[in-house]
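S.K.: Requesting a structural model of the entry that follows:
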Amino acid sequence: MIRYIIKNNVKILMRNFIFVIVLTVAPLLMTAILSSGFSSLMAKHKKDITNFEVAYSLGDDKSGPVTDEVMGKMIDFAESSGISFVEINEKDPDKVLEAGTYPAFILFDSEGYKIYQGKDSEVEGKKLEYVLYVAFDKFSDMAVFGGNEGSSDITLDVKNPKFMKEIDATDYYGIIEIVYFGWCSILVGAILISAEKKNRIVERFYVSGLDTAKVYFSKYIPLGLVTVFCLEIGVVFEHILNGVHFGNLFITTLIIMLLSFASMAFGLMINAIVDNMIATVIILFTIIWTMGYIGGSFETYMFSWVPDKVKHISPIYHTNRALVELSCNGKSDYVVSAVIYMIAISVICSVIAIFVSYLRRKGKR
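M.R.: Residues are numbered from 1 along each chain as shown. From the prediction side, this is the model:
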């Protein structure tokens with residue numbers, strides 16, 4: 001009997017094209033709006049930092065750790081790392097950076113060095129900071145600093161930092177809006193759930209001998225399948241109409257499928273607790289908006305002010321990061337955590353929803 005109910009519910013859901021359109025068209029519209037608004041911000045992430053020049057100046061006090069020998073080694077080392085040092089006479093960092101000629105300025109003095117970077121040169125500043133840190137660390141370990149002028153030439157074992165490949169604003173928002181609206185999938189089942197309550201369908205199922213778990217899965221499975229269908233159609237539309245590039249198709253499809261069932265289990269759990277569809281939508285959208293805000297659905301997670309510890313609480317962050325990195329890198333360390341999150345949410349929320357429904361059914365007897 002449960003197979004017949006599942007098949008019948010799928011047919012009912014597929015007739016409600018309004019909700020199908022919401023999950024397929026809404027991501028397209030949001031992608032167009034957000035990608036145009038944040039394209040300049042995302043352009044920063046696409047900077048080519050393979051080679052660039054920085055200005056430097058030596059302080060008046062020559063007693064510091066930066067001797068001529070050290071400076072020569074520093075310049076050679078920086079050149080090998082793609083950074084060209086250009087000496088200038090100006091020692092005021094504000095004047096140097098306001099000119100806009102160099103993304104960063106280094107002032108060497110008696111205490112060592114200070115790095116100043118332009119407001120739009122965070123990426124170059126990070127690389128420069130890394131290079132100088134490695135060089136100074138190696139030099140000081142070998143006692144070059146402190147006046148050991150007789151030291152022999154130093155060979156540095158350098159590990160260049162790996163930067164995430166650039167991601168286009170359209171690709172980023174095309175991916176994460178699929179995720180965001182996927183979490184709003186309870187909309188797909190709104191009419192079905194409301195109709196069942198209005199016509200007392202669930203009570204009839206109980207009378208016919210179906211237990212609470214079977215009644216739950218008779219809704220959960222078709223709702224999840226329809227959500228998967230809608231999101232996958234959305235993926236195809238995003239690729240064709242907006243030119244969004246998705247990563248590994250198998251892993252991407254797997255994550256979207258798990259996301260669909262996790263989001264539906266979450267929505268059905270809330271509905272089982274409050275037993276009111278309007279309240280369910282309000283509560284769900286409040287939670288999803290908060291998770292999306294933390295996880296990068298609006299402001300890109302790469303440039304977000306939200307601390308990483310807080311970001312990792314949001315399952316949307318794990319899913320966003322996994323799919324975005326699959327798109328631009330071809331792999332992601334967040335695939336496993338995203339999958340675990342989705343499976344855990346599906347199982348835990350389903351158990352809670354069944355338990356709450358069982359208690360409510362028992363209380364009506």
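S.K.: where along the stretch 251-365 of the chain do the helices fall?
M.R.: For the stretch 251-365 of the chain, the helices defined by DSSP state H, counting those that start in this stretch cover 277-295, 308-311, 315-328, 335-364.
S.K.: quick check: mean pLDDT across the last one?
M.R.: Taken as a whole, helix 335-364 carries a mean pLDDT of 90.
S.K.: Show me which residues of it are buried.
M.R.: If you call a residue buried by 16 or more other C-beta atoms under 10 Å, then helix 335-364 has these buried ones: 335, 337-339, 341-342, 345-346, 349-350, 352-354, 356-358. Placement of C-beta: from N, CA and C, glycine included.
S.K.: Report the angle between that helix and helix 315-328.
M.R.: Angle of helix 335-364 versus helix 315-328, following axes from the mean of the first three to the mean of the last three C-alpha atoms, to 10 degrees, is 150 degrees.
S.K.: Now do helix 335-364: distance to the chain's middle.
M.R.: The chain centre lies 25 Å from the centre of helix 335-364; the measure is C-alpha atoms, centre = their mean, to the nearest Å.
S.K.: same check, this time on the second one
M.R.: Helix 308-311 has its average C-alpha position 11 Å from the chain's average C-alpha position, going by C-alpha atoms, centre = their mean.
S.K.: Point out the other helices and strands that it packs with.
M.R.: Here helix 308-311 touches helix 277-295, going by 3 or more C-beta pairs under 8 Å, 6 or more residues apart in numbering; DSSP states H and E.
S.K.: hmm, back to that, as CSV, the helices of the stretch 251-365 of the chain with distance to Asn51 would be great.
M.R.: Below are these laid out as CSV (distance: least, C-beta to C-beta, whole Å):
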stretch, distance to Asn51
helix 277-295, 34
helix 308-311, 30
helix 315-328, 21
helix 335-364, 33
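S.K.: Which of these sits closest to Asp171?
M.R.: Nearest of those to Asp171, taken as C-beta to C-beta: helix 315-328 at 5.6 Å.
S.K.: mean confidence for that closest one?
M.R.: For helix 315-328, mean pLDDT rounds to 90.
S.K.: Next: stretch 188-208.
M.R.: For stretch 188-208, mean pLDDT rounds to 71.
S.K.: re earlier: pick out the most distant pair among the buried residues of helix 335-364.
M.R.: Val335 and Tyr358 (34.9 Å).
S.K.: buried ones in the one helix or strand Val86 maps to?
M.R.: Val86 is part of strand 83-87, with elements assigned from DSSP states H and E. Neighbour-count burial for strand 83-87, counted by 16+ other C-beta under 10 Å, picks out 83, 85.
S.K.: other SSEs contacting the helix or strand following it?
M.R.: Toward the C-terminus, strand 83-87 is succeeded by helix 93-99 as the next helix or strand (DSSP H and E). Contact here means 3+ C-beta pairs under 8 Å, 6+ apart; on that basis helix 93-99 packs against strand 104-109, strand 112-117.
S.K.: please redo it, this time with the cut-off set to 7 Å
M.R.: Here helix 93-99 touches strand 104-109, going by 3 or more C-beta pairs under 7 Å, 6 or more residues apart in numbering; DSSP states H and E.
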